[in-house]
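Visitor: Here you go, sequence then predicted model.
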Amino acid sequence: MNAFLRKNGFKLLVTLLFALFIGSVISWLNQDSPALPVIKQAPTFTLNSLEGEKVQLSDSAGKVRLIEFLFTSCPDVCPMTTYNMVKLQNELKMEGIWGNKVQFLSITFDPLKDTPEVFKKYGDRMGMDYDGWKLLTGTEAETGEVAKSFGVMVQKMPDGSFVHTVTSLFLVDGAGKIRKVFAMGEGMNNEDIIQKIRQIAGSVK
C-alpha cells in the first residue's frame, strides 16, 4: 500500500484537487442569484379596475407584481414598455406562474383620455392576458398621487400629453416591498427582469 502511494500519490493528489475544483465550479453555477435588496415598502393605493371595482395593492398580496405607469396615447416609451411586458407575460405563462404567482398592474395617469373603453382596446391590441394583468384608473388627481407616491414624476403638457420619469417600472414582492425599479422602453432588459421575477417568485432557473 505504501509503495502504491509513493508511486501514485502525486497523481491521486492532482485527481482529488481537480475533482474539488469541478465540484466548486458546479456549485457556483447552480447557486441562487444574490438576494435582491429591499428598496422600500410600496405605497398603498386604491384605484378602479376597468369594471369599476375598487382595487388595492394588498389584493394581490403573496404575488410578485410588476407595476407600470403609462398613458395610452404615448407615442414611444409606454407602448414599447407594454410590448416588452407582453413578451415577459408569454414566457411566464409557459412557465406556469402567470396569474397565480405573478401579476402585472398598469396604471394610467391620463384617465381623462384613457377611459375604460380606450384602456381596454389598448390592452387588447397589445396582447395583454387579463388572467394576470389588471388595468387601473381613477381620477387624474388620484392616479397622479399614486404615481408621485412611487417616485414617478409626471408633468402634463399644454397639448395634453405627458412627460414622465422613464424609470417607472416597479418590481414588488409578495410582502409589498419594492425590490427593483427598471428602465422603460428601449432601456428594458427582459432577460434581467424575468430572472428577478423568477428569483422573487421562488422559481429561479
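Guide: Received the coordinates, thanks.
Visitor: And the pLDDT at the residue nearest the centre of the chain?
Guide: Centroid check for the chain by C-alpha atoms, centre = their mean gives Leu66 as the closest residue, at 3.8 Å. pLDDT recorded at Leu66 is 98.
Visitor: The residue lying closest to it once chain neighbours are set aside pairs with what?
Guide: Counting by C-beta to C-beta, 6 or more residues apart in numbering, Leu66 lies nearest to Phe104, which is 5.0 Å off, once chain neighbours are set aside. Placement of C-beta: from N, CA and C, glycine included. Taking DSSP bridges, one finds Leu66, Trp133 as the beta-bridge partners of Phe104.
Visitor: Start the count at 479 instead of 1 going forward.
Guide: Fine by me, first position is 479 from now on; the one you just mentioned is Phe582.
Visitor: From Met563, how far out is Phe582?
Guide: 6 Å (C-beta to C-beta, to the nearest Å).
Visitor: who touches both of these two?
Guide: Taking C-beta atoms under 8 Å, 6 or more residues apart in numbering as the contact rule, Phe582 and Met563 both touch Leu544, Glu546.
Visitor: For the residue nearest to Leu544, the count of nearby residues, please.
Guide: Residues contacting Phe582 under the criterion other C-beta atoms under 10 Å number 25.
Visitor: now it: how far from Met631?
Guide: 22 Å.
Visitor: Could you do Met604 as well?
Guide: According to C-beta to C-beta, Met604 stands 24 Å off from Met631.
Visitor: and what of Val624?
Guide: The spacing between Val624 and Met631, counted by C-beta to C-beta, is 13 Å.
Visitor: Which residue of those two possesses the greater neighbour count?
Guide: With neighbours defined as other C-beta under 10 Å, Val624 and Met631 compare such that Val624 has more, 22 against 11.
Visitor: That one: which element?
Guide: helix 618-627 (DSSP states H and E).
Visitor: Now that helix: buried residues?
Guide: Glu618, Glu620, Thr621, Gly622, Val624, Ala625 (16 or more other C-beta atoms under 10 Å).
Visitor: do stretch 669-677 as well
Guide: Buried-residue list, stretch 669-677, by 16+ other C-beta under 10 Å: Ile671, Ile672, Lys674, Ile675, Arg676, Gln677.
Visitor: the helices in the chain, which residues?
Guide: Per DSSP state H, the chain carries helices over the ranges 480-508, 555-572, 594-604, 618-627, 668-679.
Visitor: Now do the last one: distance to the chain's middle.
Guide: Using C-alpha atoms, centre = their mean, to the nearest Å, the mean C-alpha position of helix 668-679 is found 7 Å from that of the whole chain.
Visitor: and if you look at the second one?
Guide: Relative to the centre of its chain, helix 555-572 is centred 10 Å away, using C-alpha atoms, centre = their mean.
Visitor: Show me how the chain divides into domains.
Guide: Domain segmentation of the chain under automatic domain parsing yields 479-509, 518-679.
Visitor: Quick check: closest non-adjacent residue to Pro557.
Guide: Using C-beta to C-beta, 6+ apart and skipping the chain neighbours, the partner closest in space to Pro557 is Met604 (7.2 Å).
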